[in-house]
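S.K.: predicted model and sequence follow; I will ask about them next.
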Amino acid sequence: METSEASASTAAVAAPDQRDSDTNELSGKYLTFTLDGEEYGVAILKVRELIGLMDITQVPQMPDYVKGVINLRGKVIPVFDLRLRFGLEEAEYTDETCIIVVDVGSMVGIVVDTVQEVADIPGKDIEPPPPLGNTVDTTFLMGMGKVDGKVKILLDIDRILSTEEAARLSGVAAEA
Amino acid sequence: MSDSTASSTVEGLLEQLALTSTLCDVADLGGLAKMHAQMGELVRSVEDCSNLAGVAEFCSFGLALESLLEGIVLETYSELDEILDTVRQGISEMQSSLRADPTSAPLPKDGGFIDRVLRLAGGEPGPEETEAPDSTAEPAQTALETGEVPDPPEPEASSSEDATPTEADSSEPEEYVSEPLIINDDELEYVKSFVTEAYEHIESIEAVVLELEQSLDDEAKINELFRPFHTIKGMAGFLNLQDINRLTHRAETVLDLARKGQLKLTSDHIDLVFNTVDILKEQIGEVEAYLGNPTGQPVAQPDITEVLKQLHRAQSSNFGGSGAPVASGGGSSPAESGASEPQDETPGSEPLAAVEASGKGAQSASPTAIDKPASPSSDGAAEYAGPERRAGVDRRSGSDRRQGPAGTGAKKDLAVRVDTGKLDQLVNMVGELVIAQALVSQNPALAERGKLAKDISQVAKITREVQEITMSMRMVTLQQTFQKMGRLVRDVSRKAGKQVAFSFSGEETELDKNVIDEIGDPLMHMVRNAVDHGIEPPEDRLAAGKPEQGQVHLHAAHQGGNIIITISDDGRGLDRDKLIRKGVERGLVAPDAQLSESEAFALIMQAGFSTAEQVTDISGRGVGMDVVRRNIEKLRGKVEIASTKGKGSQFTISLPLTLAIIDGMVVRVGAERFVIPTISIDQSLRPEKDQIFTVQKRGEMLQIRGELCPLVRLDELFAIRQERPAVWETMVVVVIVDGRRIGIVLDDLIGQQQIVIKNLGQQFEDVRGISGAAILGDGRIGLILDAPGLVAVHNSDQAA
């Protein structure tokens, strides 16, 4: 979807219909949260639950953004730190730090700074991710949502947590 | 079986049959299928009554009724209602006959009626009729057309010119035209059960044919072999799986001749049977694949023309040029209906062919001699050895009937088919129950409440029992796994030009189903190796003073909380020095390393190692044994090798009995806790200062009873903390990996407990040293250590 949007935006900035139909698919409810001052959103349909920070058991030989595993009512699920995943600075966990449990085929937890609200974002308020050149990896951006004058970065959570796989595999291979 | 029980079973079956027949009509596929099955059961159960009179004639009659039912389903008759009525009449006549005379088989008294039924059901002649002149002449001239019976299937019959020539042509095998196989959505369920049952029958076939190969004249075995083909044929016919039906029908025809003594089986026949089975497996495999993705497109079908020809040729005594001449091909004696018919199923088989042939509308059936039931050959010789039939074919599948030794009669296996998905779910939930219950029992609030604590401990007891029962539900014996190896040994030894006798024991040992699924491949590989590399060619063996035939033996037993499977052979054994040389050559071993015998043997399980002079297409590519080892370690088991050069080798696999729950030792390193499976632990100790030695100030070693064992520091390995306490202030747990003792350095042992293993998930699959996670009593997670993985990481770290 990203490629089509990218080409749509570069090729036809003057084709609002095209853009609208692309981003209309993205309209819906998003759970918004913050990471290092930036605001993000994840499709609510993917969110299973929100839990407060709990003890995370480290697993060795994993990249740093894989914090470890937690016990979620008898299920052992992995937990990722999105800050580290995005290459942001790691922060101390505070009272507001939460874990959002998402369903990307299997359950995975992501650590975020704060959780804000569930925002209903209509398609017309969602813009395709802008071309930011090669410095920023935008493959996991679904779009930019405008809510109350602020811009939320809408994440394709499946892609983030699975591009992870590829990165990890190459990472582990390098270590081995 | 006493008279009264015999007739009461038969009576009961007849009643059921009558009931079903009343309730169903010609459009009721399910009801007809049920009737067909019940009729079959009835025939079998009468067969088992050795003391009833007239069993043979009854069985022909019963089988004829079966064919009529098949015909109704396949709509090969035009007056279906009349045929169904005929069947119903047959049933009620059987009932009155039984009431009148319980000491003989319930054959209807009215001979004319019997004839009519037989003719209705009549189909193409058996191979003995091939010389009959009219067989090739006209298409589809079944006895039905002799006017005896309301409606023969002439519409289809006359249009068969375009189709294929008759079956059982004298010299030319019939050219069978395969039609596209379409499976309708509403048939999916039936086809699914067919596939499952067919596979079971195939396993049965393979086991029996291996035994038959050793004694080609064993009639009981030939009968045993005939049965599953017949059953598959019937089921396939019902479901319109025409190619499968045709293939099994041909095979059944050959076997039928053999069991009637008209054909002497040779090893070529055995080979052909194996070949047929392989193709059958392919056919069923395609159907199975289709079931996984029912698109409505035709199902792929392997080409069967060649094997059909061969099967046809196999009917003659000089098939393969090595058969002993036999009376097949002679004209069969015309119908002395009922006279001396020990082999009763033939009428059933032929008619189906005719029925399905005309059902396709494209085939002709040769005229029947109503002599179908006719069977030459002495009655006495070919008598059904009923009680011995099932000897050795004991399966735990629910669909088989177990025929006990003479005197106990037939009893059904009481078993229920359960979807394994449901079983897995149950096991998971029980696992969670165990954890939750453990959490509750460890709650400090219980300490003050005596009554509550007692009740909770009662719950604990019950939970444990539920757990045990659930685990046992997934236990399956190794019998089928071992039996499958028989075929493998045969094939591999043939290819390699060796003579190998295969035997096994302890096959009644039970394993968790998941484990059985996983060890199938490793076992096969090891057996293959034993035959391919272990056993020497016959000349070498003789030269070495050994018997020409090598032995490969599989044994399974429970030991402690594990199951031990050994594969032993009396072949050439492993050559320690050769292995070491190869290891050095491949860079797996340092040139001056001192390897113990078990370490040398363990080399063959390393990746990239193979001493086979040439890579045969069977094994020897050097990827086999290490995959085997990894698979077994994935199951938290281990492989040990013992061998004596020139004498033989023994591979021992040990596996924990249950996948999900193990006994583990909870240990602490820093603030983290880990679990070490108790089975891996050799010993644990608090070392004294004077037991510790260092090498280059980095490699630490512990001396225990004269043996030096390297130490692995978990805190370092897993980057848990920076400071390293002196070893003599720690606990060391010693594990054995690849024959060597390794010590794992920890802070503390916390305690032993039963833990439920939780998989970590795909992301963590490649983490070495950790095999899963456990939820400990306080809800926190303890990672489960995997000793071999730990050692591997440690070694690579050290090397770095």
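M.R.: Perfect, I can see it now.

S.K.: only C-alpha atoms from now on, for both contacts and neighbour counts.
M.R.: OK.

S.K.: leaving out chain neighbours, which residue sits closest to the closest residue to chain A within chain B?
M.R.: Residue of chain B nearest chain A, by CA to the nearest CA: B:F718 (5.2 Å). Nearest non-adjacent residue to B:F718, counting by CA to CA, 6 or more residues apart in numbering or on different chains: A:P60, 5.2 Å away.

S.K.: now do the contacts for the one you found.
M.R.: Applying CA atoms under 8 Å, 6 or more residues apart in numbering or on different chains to A:P60 gives the contacts B:F718, B:A719, B:V767.

S.K.: what number of residues lie near the residue of chain B closest to chain A?
M.R.: As a burial measure, B:F718 scores 15 neighbours (other CA atoms under 10 Å in any protein chain shown).

S.K.: could you do A:L154 as well?
M.R.: 26.

S.K.: which ones among the contacts of A:P60 map onto strands?
M.R.: Using DSSP state E to define strands, no part of these is located there.

S.K.: what residue ranges in chain A score low on pLDDT?
M.R.: A:1-24, A:133-138, A:163-176 (pLDDT under 70).

S.K.: near chain B, which residues of it show up?
M.R.: Within chain A, the positions adjacent to chain B are A:55, A:57, A:59-62, A:69-71, A:74-78, A:165, A:172, A:176 by CA under 8 Å from any CA of the partner chain.

S.K.: B:S472: what's it in contact with?
M.R.: So B:S472 contacts B:D512 (CA under 8 Å, 6+ apart).

S.K.: is it within a helix or a strand, and which one?
M.R.: helix B:450-473 (DSSP states H and E).

S.K.: neighbouring strands - and their directions - for the following helix or strand past that helix?
M.R.: Per DSSP H and E, the first helix or strand lying C-terminal to helix B:450-473 is strand B:475-477. Counting by DSSP bridges, the strands paired with strand B:475-477 are strand B:510-512 (antiparallel).

S.K.: now find how far off-centre the strand it pairs with is within its chain.
M.R.: Computed by CA atoms, centre = their mean, to the nearest Å, the separation of strand B:510-512 from the middle of its chain amounts to 14 Å.

S.K.: and the residue of chain A found nearest chain B, what are its phi and psi?
M.R.: Residue of chain A nearest chain B, by CA to the nearest CA: A:P60 (5.2 Å). A:P60 adopts backbone torsions of phi -70, psi 160, taken as degrees, to the nearest 10.

S.K.: what does B:A600 give?
M.R.: Dihedral angles for B:A600 - degrees, to the nearest 10 - are phi -60, psi -50.

S.K.: now do the SS call for B:T276.
M.R.: Secondary structure, DSSP: H, G, I helix; E, B strand; the rest coil: B:T276 is helix.

S.K.: next up, the contacts around it.
M.R.: B:L247, B:A251, B:V307.

S.K.: kindly report the same for A:R73.
M.R.: Counting by CA under 8 Å, 6+ apart, there are no residues that A:R73 touches.

S.K.: any idea how far B:M235 is from it?
M.R.: A:R73 sits 48 Å away from B:M235, taking CA to CA, to the nearest Å as the criterion.

S.K.: likewise for A:I77?
M.R.: Taken as CA to CA, the span from A:I77 to B:M235 is 47 Å.

S.K.: and those two? Which one has more around it.
M.R.: Neighbour count, other CA under 10 Å: between A:I77 and B:M235, B:M235 has more, with 23 against 20.

S.K.: tell me the confidence at that one?
M.R.: Here, the pLDDT recorded for B:M235 equals 85.

S.K.: how far is the helix or strand hosting it from where the chain is centred?
M.R.: Secondary structure assignment for B:M235, by DSSP H and E: helix B:219-238. How far helix B:219-238 lies from its chain's middle: 17 Å, per CA atoms, centre = their mean.

S.K.: contact partners of the following helix or strand past it?
M.R.: Scanning forward in sequence from helix B:219-238 by DSSP H and E, the next helix or strand is helix B:242-259. Here helix B:242-259 makes contact (CA under 8 Å, 6+ apart) with B:126, B:178-179, B:181, B:219, B:222-223, B:225-226, B:229-230, B:232-237, B:263-265, B:273, B:276, B:280, B:283-284, B:301, B:304, B:308, B:311-312, B:314-315, B:328, B:343, B:346, B:349, B:353, B:382.

S.K.: now list the buried members of the residues you listed.
M.R.: B:126, B:181, B:219, B:222-223, B:225-226, B:229-230, B:232-237, B:263-265, B:273, B:276, B:280, B:283-284, B:301, B:304, B:308, B:311-312, B:314-315, B:328, B:343, B:346, B:349, B:353, B:382 (16 or more other CA atoms under 10 Å in any protein chain shown).

S.K.: what packs against the helix holding B:M235?
M.R.: helix B:55-74, helix B:188-214, helix B:242-259, helix B:346-360 (3 or more CA pairs under 8 Å, 6 or more residues apart in numbering or on different chains; DSSP states H and E).

S.K.: residue contacts, the residue lying closest to B:Q549 once chain neighbours are set aside?
M.R.: Nearest residue to B:Q549, sequence neighbours excluded (CA to CA, 6+ apart): B:Q499, at 4.9 Å. With contact taken as CA under 8 Å, 6+ apart, B:Q499 is in contact with B:S493, B:P537, B:P538, B:E548, B:Q549, B:G550.

S.K.: out of these, which is most surrounded?
M.R.: B:G550 (25 neighbours).

S.K.: list the contacts for that one?
M.R.: B:Q499, B:V500, B:A501, B:I535, B:E536, B:D569, B:D570, B:G571.

S.K.: phi, psi for the fifth one please.
M.R.: For B:E536, the backbone dihedrals are phi -80, psi 160 (criterion: degrees, to the nearest 10).

S.K.: what sits closest to it if chain neighbours are left out?
M.R.: In space, B:E536 is closest to B:G571, 5.9 Å off (CA to CA, 6+ apart).

S.K.: that neighbour contacts B:Q650, correct?
M.R.: No. Applying CA atoms under 8 Å, one finds B:G571 not in contact with B:Q650, separated by 10.1 Å.

S.K.: these two: which has the busier surroundings?
M.R.: B:G571 (27 against 21).

S.K.: just say helix, strand or coil for B:H553.
M.R.: strand.

S.K.: close enough to count as contact, it and B:F502?
M.R.: Yes. The pair B:H553 / B:F502 is scored as a contact, 5.9 Å apart, by CA under 8 Å.

S.K.: ok, now which ones touch B:P687?
M.R.: Per CA under 8 Å, 6+ apart, neighbours of B:P687: B:L702, B:V727, B:W728, B:E729, B:T730, B:M731, B:V732.
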